[in-house]
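Q: Dropping a prediction and its sequence here:
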Amino acid sequence: TTQVKQLSISLQSESLGQGSFTHIFRGSKTDQRDGVTHSTEVLLKVLDANHKNCWESFFEAASLMSQISHKHLLLVYDIMVQEFVKHGALDLYLKKSTSVSVSWKLDVAKQLACALNFLEEKNIAHGNICAKNLLLAREGDPSTDNSPFIKLSDPGISMALLDRIPWVAPEVLNTLEIELECDKWSFGSTLWEIFNNGEAPLQGLDPIHKQQFYEHFSNLPALEWTELADLISQCMQYQPELRPSCRSIIRQLNSLITSDYEILHASDTLPK
Ligand SMILES: N#Cc1ccc(Nc2nc(N)cc(-n3ccc(CO)n3)n2)cc1
């Protein structure tokens, strides 16, 4: 799990540097290394909102300088700055929380499906859909019927493919290419996580057994909620072209919410 370290950035915006399209902030980067706190003065250059069109040359300049190092060349850090999402990664949240209701989980699943639908319409494959990459911006409060709100995080630097079984679609192990259908497979795996309280599927298996899981065309253990288990197995079909479209996924999720499962099992979700 990613440890969230403290990085303090003081907002000392100076005027736009002469002829450049950035705001300059001065800050300090604090690192804890073997118990010792190291503080490094840093300067942040933020691309001016009105000059977003220059982002390519902005990144080009940064990446050029970060590829080489020499004592008389400026040191440029590789950093991604994101909006801080209040409640962090969903997998940890689900592991910590005891009374998350079925409708809460369905709401989160629908929001993820909407995000995937948006990416599908833009023909963008995310490539790393999993509960760890779902960030909880709002917890939602059962008493005030306030619903949760999630944000899909960046795909991150992809880990070793075997470690990403069963989130990474099987065909990716051969083609090493991420297509839209791959995200459907990962969606199924993430649904399984959400309805198993953040427990990682196949977590006990070592990489060899994970590889065999795909070689034997195995499926994850089915949830007791059959309609949901059906949706998961539709998404996690070994033939990519057979996986459902996002619209179909959303339609099936919507029908689930009104299904009698919730009424039948409402007792599961009553506060203890
Ligand atoms: N306790 C606690 C706590 C931890 C983190 C956040 N917030 C946050 N904001 C983001 N933008 C990204 C992340 N991530 C965390 C793991 C990953 C994996 O990629 N991202 N966490 C809020 C509370």
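A: That came through fine.

Q: Please make it C-alpha for all contacts and neighbour counts, starting now.
A: OK.

Q: ok now do residue 250, which residues does it touch?
A: For residue 250, the residues meeting the contact criterion (C-alpha atoms under 8 Å, 6 or more residues apart in numbering) are 110, 113, 114.

Q: And the first one, how far from residue 154?
A: Relative to residue 154, residue 110 is positioned 19 Å away (criterion: C-alpha to C-alpha, to the nearest Å).

Q: Neighbour count for these two, which is higher?
A: Each of residue 110 and residue 154 had its neighbours counted (other C-alpha atoms under 10 Å), and the higher figure belongs to residue 110 (19 against 13).

Q: As CSV, could you dump the C-alpha coordinates of whichever strand or helix holds that one?
A: With secondary structure defined by DSSP states H and E, residue 110 is part of helix 102-121. The C-alpha atoms that make up helix 102-121 are tabulated as CSV, following Å, rounded to 0.1, in the frame of the first residue of the first chain:
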residue,chain,number,x,y,z
VAL,A,102,-25.3,-3.2,-0.7
SER,A,103,-26.8,-0.1,-2.2
TRP,A,104,-23.6,1.9,-1.3
LYS,A,105,-21.5,-0.7,-3.2
LEU,A,106,-23.9,-0.7,-6.1
ASP,A,107,-23.7,3.1,-6.3
VAL,A,108,-19.9,2.9,-6.4
ALA,A,109,-20.1,0.2,-9.1
LYS,A,110,-22.4,2.4,-11.2
GLN,A,111,-20.1,5.4,-10.9
LEU,A,112,-17.2,3.3,-12.1
ALA,A,113,-19.3,2.1,-15.0
CYS,A,114,-20.1,5.7,-15.9
ALA,A,115,-16.4,6.6,-15.8
LEU,A,116,-15.6,3.6,-18.1
ASN,A,117,-18.5,4.6,-20.4
PHE,A,118,-17.0,8.0,-20.7
LEU,A,119,-13.5,6.6,-21.5
GLU,A,120,-15.1,4.1,-24.0
GLU,A,121,-16.8,7.0,-25.8
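
Q: Pull the residues that contact that helix.
A: Contacting residues not belonging to helix 102-121 are listed as 125-126, 147-152, 180, 183, 187, 191, 194-195, 246-247, 249-250, 253-254, 257, 262, 269 [C-alpha under 8 Å, 6+ apart].

Q: What about residue 66, how many residues nearby?
A: Summarising burial for residue 66: neighbours were counted as other C-alpha under 10 Å, giving 15.

Q: Okay, it and residue 21: tell me how far apart.
A: Spatial separation of residue 66 from residue 21 under the definition C-alpha to C-alpha is 20 Å.

Q: Ok, residue 32 next?
A: 33 Å.

Q: who has more neighbours, these two?
A: In this view residue 32 and residue 21 are compared by other C-alpha under 10 Å, and residue 21 has more residues nearby, 19 against 11.

Q: Leaving out sequence neighbours, find the closest residue to that one.
A: Of all residues not flanking residue 21 in the chain, residue 48 sits nearest, at 5.5 Å (C-alpha to C-alpha, 6 or more residues apart in numbering).

Q: Quick one: residues contacting the one you found.
A: For residue 48, the residues meeting the contact criterion (C-alpha under 8 Å, 6+ apart) are 21, 22, 23.
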